[in-house]
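> sequence plus the predicted model coming up.
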Amino acid sequence: MRRLLACLLPLALALTGCTTGYDALSTAALPKTRFADTKPQDFGRDHPQRHPIHGIDISKWQGDIDWKAVKGSGVAFVFIKATEGKDRIDPRFTEYWNEASTAGLLHAPYHFFYFCSTADEQADWFIRNVPKDAMALPPVVDVEWNPGSPTCKTRPAPETVRSEIKRFMDRLQAYYGKRPIIYTSVDFHRENLVGYFKDYHFWVRSVAKHPKETYADRSWAFWQYTSTGVIPGIKGPTDINVFAGSEQNWHNWVAAVEKQGNS
C-alpha cells in the first residue's frame, strides 16, 4: 500500500480518500525497534522498519508473557486470540487481555472464523465471551483456509464466504459499536475477497513479499510481515505487524476509535 492512513480517522471515511504517499515517510525520524527476527526477509526499500508503529498477535501458544518487557521493546499494540468457531475460546484470552490492559498496551480480540458453523452461531459465541471493555481497538475477524483442521475442511463458494463474513461483522459492529478489521492470507484473499469490503480496514499476511505485490489494489491498515519474530518478554517465535501510517496517523485513528466506541 502506498497510501497512508491519514483518512483512518472516522471509519466512515473511505480509504480511497487517502492520498499521502507511503514514500513520504521520513525514515531518518523513525525509532529503531528493539526486537528481532530469526528469519528476516529482504523486502527491499519498502521494509517494515519504515513504519514507526509495530505490534504483535498472540494466542495461548505464546505461554507466559512478561508484558512490561514487551511494551519496553517498542510494541505498540497487540491482537489477542479470543474465540474460534461457535464453541472454542482461547484459554489465555482473559489473562492476556487483563495483563495487556495493565501494561498500557492497546489491544484487540480476534476471532478465527470457522466455515462449518453459521455466522450467527459464531457471533453469539464471540459476544458471549468477549466483554465490551475488552475492545480498546476494533474486533478482528480472521478469515483464511485451515487445511489442517481435523473437523472442517469445507471451502464454501466465494459468495457464501462473503455473505457469512458480512453477517458476522454486522453483528459485532452492532454490539460493540466498532467496525471490525479483516485479517486474511494471500490465497484466501485472492479466491474470495478481491474487489470486496473496500470500506473495511484490512490486516494482511505477507511474509515473503511486500503487500503491494501480493494484494493488488487492496489498501491495508496492518501488515503481518513475519511469524519468526523475537520479542523480549515472550519465549518462542511471535508474529510481528506494522501499522500503515505515521505515528500521528496512529494516534488520530486510536482517538477516533475510542470516540466511536463511546458514542
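Noted; the coordinates are in hand.
> low-scoring stretches of the stretch 151-263 of the chain, by residue?
Flagging of the stretch 151-263 of the chain using pLDDT under 70 yields the residue ranges 261-263.
> buried stuff in stretch 156-174?
Across stretch 156-174, burial judged by 16 or more other Cβ atoms under 10 Å covers 161-162, 164-165, 168-169, 171-173. To be clear about C-beta, it is placed using only N, CA and C from the backbone, and glycine gets the same treatment.
> stretch 67-76 now?
Using 16+ other Cβ under 10 Å as the burial criterion, the residues of stretch 67-76 that qualify are 67, 70-71, 73-76.
> same thing with stretch 35-51?
Across stretch 35-51, burial judged by 16+ other Cβ under 10 Å covers 35, 37, 41, 43, 46, 48, 51.
> let me see the contact set for the closest residue to the last one other than its chain neighbours.
The shortest distance from residue 51 to any residue other than its chain neighbours is 3.9 Å, reached at residue 242 (Cβ to Cβ, 6 or more residues apart in numbering). Contacts here follow Cβ atoms under 8 Å, 6 or more residues apart in numbering; on that basis residue 242 touches 48, 51, 53-55, 222-223, 225.
> let's see that with 6 Å instead.
If you count contacts by Cβ atoms under 6 Å, 6 or more residues apart in numbering, residue 242 has them with 48, 51, 54, 223.
> go on, residue 57?
In this structure, residue 57 makes contact with 79, 239, judged by Cβ under 6 Å, 6+ apart.
> that one and residue 106: what is the separation?
Summarising the geometry, the distance separating residue 57 from residue 106, computed by Cβ to Cβ, to the nearest Å, is 13 Å.
> go on, residue 64?
Residue 64 is 21 Å from residue 106, by Cβ to Cβ.
> same question for residue 155.
Counting by Cβ to Cβ, the separation of residue 155 from residue 106 is 34 Å.
> one more: residue 176?
15 Å.
> C-terminal to the strand or helix carrying the residue nearest to residue 51, what's the next element?
In this assignment (DSSP states H and E), residue 242 forms part of strand 238-243. Proceeding C-terminally, strand 238-243 gives way to helix 247-262 as the next helix or strand, assigned by DSSP H and E.
> what angle separates that next one from strand 238-243?
90 degrees (axes from the mean of the first three to the mean of the last three Cα atoms, to 10 degrees).
> please identify the buried residues of helix 247-262?
Residues of helix 247-262 classed as buried by neighbour count (16+ other Cβ under 10 Å): 249-250, 252-254, 256-257, 260-261.
> tell me how far it lies from the chain's centre.
16 Å (Cα atoms, centre = their mean, to the nearest Å).
> can I get that helix in PDB, CA atoms only?
Extracted as PDB, the C-alpha positions of helix 247-262 are listed here (Å, rounded to 0.1, in the frame of the first residue of the first chain):
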ATOM      1  CA  GLU A 247       2.800   7.900  14.400                       C
ATOM      2  CA  GLN A 248       0.400  10.900  14.200                       C
ATOM      3  CA  ASN A 249      -2.000   8.800  11.900                       C
ATOM      4  CA  TRP A 250      -1.900   6.100  14.600                       C
ATOM      5  CA  HIS A 251      -2.800   8.500  17.500                       C
ATOM      6  CA  ASN A 252      -5.600  10.100  15.400                       C
ATOM      7  CA  TRP A 253      -7.000   6.700  14.500                       C
ATOM      8  CA  VAL A 254      -7.000   5.400  18.100                       C
ATOM      9  CA  ALA A 255      -8.700   8.600  19.300                       C
ATOM     10  CA  ALA A 256     -11.400   8.200  16.600                       C
ATOM     11  CA  VAL A 257     -11.900   4.500  17.500                       C
ATOM     12  CA  GLU A 258     -12.300   5.400  21.200                       C
ATOM     13  CA  LYS A 259     -14.700   8.100  20.400                       C
ATOM     14  CA  GLN A 260     -16.700   5.800  18.200                       C
ATOM     15  CA  GLY A 261     -16.900   3.200  20.900                       C
ATOM     16  CA  ASN A 262     -18.200   5.800  23.400                       C
END
